[in-house]
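Asker: the sequence isn't on hand, but the structure is:
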């Protein structure tokens, strides 16, 4: 460890975040690798180390003999201050080498409010912020992740962005890089070769065009680049790489447990959900593969908890038999099994009772809206009786802690829908009184609301977000209506949701705003203690940009979008428009298992059927 670093670590919070040396971390001889990759997560260690995608790609890159992948996280403000005071650049946790020493620096784009952290990490690593300012001695800076489906607001900061799933694409990319490096090929020619790999988006080879009024008109591709960038997927998850080990952290993290991924995609088609659309088509792993992966991970990490991960875990076809077999293995070793993302309409108390023999926790359901009309409008495909029946089963089984998640500001929402949230909470409490087997402990219902953010590549991409003032008014309505015994109300800040909406539907002109906001001191914008709406509004003003134009404006379906040159697999001019029109009429569409909605994603499987 660097002597200066060793000296400052005792003076910062949680020095284990910055020390490295964790169990299962990968160390290689620098002289024997041809490419060094820094996987950067633009948030603190505890958040990044909980992210499954990072675990998968860290293992994948390090499986390649001549590649060494290291982890890099955003330092908390106390550590950043010490690093700048002592001239310590941002470094890889495994080697301690500065970020600028790596061949490739990759960021994951999980959340729009992490964008200023990306600039801060580049600056701490002594790497020019803009791709146009980097020379031959600078690393190639790349990105991937869900925000990549509209990365235009940060496009100028990246040399290349991977669209879709990275397991196969990453190997092709790193092999091309090594080949070009050995041949002495420079970054410009390398990027011209990389753009030919399906799923690779090189922003410098695409030019946004605006009309005389300043409205986005179209994106024009250079001659060497495809007009439309098509996302990549892994067709067969059973054959896909999955790590047999995780790096085990030396300090507490958000989700400190083993995880196996059941499937990708979602059968439900909720109209607000970006992940449910971007991760299509649906592909499931076999039970046999999942059992092996789970056992390998538990043996290699020593974890005492394993989680079954997916967008909707209870939609896995063989969930009961999978859980039975896993629990036969886990129970004798006192390993707990957790099932996140359960749905009220297929909740099984038999599974939950056996799963929670080792450790019992509360239950979480997400009705999303308070009335059936609005649930139909957003295509939630869940009825009030489904939720109350699930609660009744849970209360009868001994549970007394229920969390309910809702959104406010959804398209077509009225105050009657807000009152429906309070009414539903009241009915859940009443259900407990009628059904609970253990009344002495009481019941606790937590109602949480987040503000709707229109996301690209979804049926609600055309709907403008409610103003901050209107979102606050809706929160006040709920604060009043939810003043009842046994119920707690939590809500998400409307100001951060506004900035999230700006960048979710933004174009490339917002790159200047991100840089201006960062230079004014904006970092960790997703953390309440550091977010400053005033600084962001001042940055917009300095750049001559109206944020409401992006966040709050309804858009016509005929309007071209800044992300139209990115193909997520969904037919935007057909399927998304059809779903938007059905939403306005509060019409349900069946889930994929009941009937194919014709979204077009199965074309990514070569025209074959989705694995529903």
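Answerer: Now that the structure is in, tell me what you want to look at. Note that the coordinates shown come from a computational prediction; the quantities given were computed from them, not determined experimentally.

Asker: what's the longest helix in the chain?
Answerer: Secondary structure assigned by DSSP state H gives helix 415-435 as the longest helix of the chain.

Asker: list of residues touching that one?
Answerer: 367, 369-371, 373-374, 384, 387-388, 391-392, 395-396, 400, 402, 404, 406, 408, 410, 439, 443, 445, 447, 449, 474, 477-478, 481-482, 484-487 (Cβ atoms under 8 Å, 6 or more residues apart in numbering). Glycine gets a C-beta too; all of them are placed from N, C-alpha and C.

Asker: if we use 7 Å, what do you get?
Answerer: When contacts are defined by Cβ atoms under 7 Å, 6 or more residues apart in numbering, helix 415-435 is touched by residues 367, 369-371, 374, 384, 388, 391-392, 395-396, 400, 402, 404, 406, 408, 443, 445, 447, 474, 477-478, 481-482, 484, 486-487.

Asker: swap in stretch 367-376?
Answerer: With Cβ under 7 Å, 6+ apart, stretch 367-376 has contacts from 378, 380, 382-384, 387, 404, 406-407, 410, 412-413, 416-421, 423-424, 586-588.

Asker: one more time with 8 Å
Answerer: Under the criterion Cβ under 8 Å, 6+ apart, residues 270, 272, 344, 377-378, 380-384, 387, 404-407, 410, 412-413, 416-424, 586-588 lie in contact with stretch 367-376.

Asker: pLDDT of it, averaged?
Answerer: Per-residue pLDDT values over stretch 367-376 give a mean of 97.

Asker: now stretch 261-279
Answerer: Taken as a whole, stretch 261-279 has a mean pLDDT of 95.

Asker: where does this protein have its least confident helix or strand?
Answerer: helix 349-355 (a mean of 70; mean pLDDT, DSSP states H and E).

Asker: downstream neighbour of that helix in the secondary structure list?
Answerer: Downstream of helix 349-355, the next assigned helix or strand under DSSP states H and E is strand 363-368.

Asker: low-confidence ranges in the stretch 351-500 of the chain?
Answerer: For the stretch 351-500 of the chain, the stretches flagged by pLDDT under 70 are 353-361, 437-440.

Asker: just the helices in it please.
Answerer: Here the stretch 351-500 of the chain has its helices, by DSSP state H, counting those that start in this stretch, at 372-377, 384-396, 415-435, 468-481, 494-504.

Asker: model confidence score at the residue lying closest to residue 261 once chain neighbours are set aside, please.
Answerer: Nearest non-adjacent residue to residue 261, counting by Cβ to Cβ, 6 or more residues apart in numbering: residue 309, 5.0 Å away. With respect to pLDDT, residue 309 scores 93.

Asker: give me every residue that touches residue 309.
Answerer: 52, 259-262, 340.

Asker: rewinding a little: out of the contacts of helix 415-435, which end up buried?
Answerer: 367, 369-371, 374, 384, 388, 391-392, 395-396, 400, 402, 404, 406, 408, 443, 445, 447, 474, 477-478, 481-482, 487 (16 or more other Cβ atoms under 10 Å).

Asker: secondary structure class for residue 281?
Answerer: The local conformation at residue 281, judged by DSSP: H, G, I helix; E, B strand; the rest coil, is coil.

Asker: ignore the last one, residue 219
Answerer: Residue 219 is classified as strand under three-state DSSP.

Asker: which residues does it bridge with?
Answerer: Under DSSP bridges, the beta-bridge partners of residue 219 are residue 208.

Asker: what's the neighbour count on it?
Answerer: For residue 219, the count of nearby residues is 23 (other Cβ atoms under 10 Å).

Asker: these two touch, right, it and residue 566?
Answerer: No. Counting by Cβ atoms under 8 Å, residue 219 stays clear of residue 566, with 9.1 Å between them.

Asker: what segments of the stretch 101-250 of the chain are helices?
Answerer: 115-124, 166-182, 187-194.

Asker: nearest to residue 502, of these?
Answerer: helix 115-124 (10.7 Å; Cβ to Cβ).

Asker: identify the residues contacting the closest one?
Answerer: Identification of contacts with helix 115-124 by Cβ under 8 Å, 6+ apart yields 40, 42-43, 72, 74-75, 80, 83-84, 89-90, 99, 105, 107, 128-129, 141, 153-154, 157, 503, 514-515, 517-518, 522-525.

Asker: make a ChimeraX selection of whichever of the residues you listed turn out to be buried.
Answerer: Buried members of the contacts of helix 115-124, defined by 16+ other Cβ under 10 Å, are picked up in ChimeraX with:
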select :40,42,43,72,74,75,80,83,89,90,99,105,107,129,141,153,154,157,503,514,515,517,518,522,523,524,525
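
Asker: the contacts of helix 115-124 in strands, which ones?
Answerer: 40, 72, 105, 107, 141 (DSSP state E).

Asker: which pair in those residues spans the largest distance?
Answerer: 72 and 141 (12.2 Å).

Asker: list the residues that contact both of the two?
Answerer: Joint contacts of residue 72 and residue 141 (Cβ under 8 Å, 6+ apart) are residue 105.

Asker: outline the domain layout of the protein.
Answerer: 3-230, 510-544 (automatic domain parsing).
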